[in-house]
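1. Model the following, please.
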Amino acid sequence: MVLLGQKKATASSLYAFEKENLRLPEVGDFSIVTNWAGEPKCVIRISKVRILPFREMTYDICKLEGEDDTLASWQRGHQRFFTEEGQELGYEFTEDMPVVFEEFEVVYQEP
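-> The predicted structure is shown next:
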């Protein structure tokens, strides 16, 4: 989806960053996107980072992930994911939970 230009963002739990002692993403950061086999496919650069409570996510924001046709669908899928992740990492999902939303652009991909 990233290579097709459909996926331009990703959402994560702020609590996951804290529990795993990870640095928050910053504008200008680069990442390598791989396929399921772990083979590199492109390089992306973070263009915008915002932290919002889950309940304040709008469809205009979350549609940038390119995976859902409605806000309700995005909420269901992410609530399920954050609930399962929280059980593994030791946090509890709530609608007030801060979501780290990263927008990105592809800056390199193999021709």
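2. Neighbouring strands of the helix or strand encompassing Val106 in the sheet, and parallel or not?
-> Secondary-structure assignment from DSSP states H and E places Val106 in strand 98-109. Strand 98-109 pairs in its sheet with strand 9-13 (antiparallel), strand 40-53 (antiparallel), by DSSP bridges.
3. From the opening residue of stretch 32-39 to its closing one, how far?
-> One end of stretch 32-39 to the other measures 10 Å (CA to CA, to the nearest Å).
4. if we can go back for a sec, okay, buried residues for the strand holding Val106 please.
-> Pro98, Val99, Val100, Phe101, Glu102, Glu103, Phe104, Val106 (16 or more other CB atoms under 10 Å). For every residue, glycine as well, the C-beta is placed using N, CA and C.
5. Let me know the closest of these to Leu22.
-> Leu22 has its nearest neighbour among the buried residues of strand 98-109 in Val100, at 10.1 Å by CB to CB.
6. distance of the closest one from Met57?
-> Distance, Val100 to Met57, using CB to CB, to the nearest Å: 11 Å.
7. Same check on Leu89?
-> Distance, Leu89 to Met57, by CB to CB: 20 Å.
8. centre of the chain versus the helix or strand encompassing Glu84, how much separation?
-> Assigned by DSSP H and E, Glu84 belongs to helix 71-89. Averaging C-alpha coordinates over helix 71-89 and over its chain gives two centres that are 12 Å apart (CA atoms, centre = their mean, to the nearest Å).
9. got the angle for it vs strand 9-13?
-> 40 degrees (axes from the mean of the first three to the mean of the last three CA atoms, to 10 degrees).
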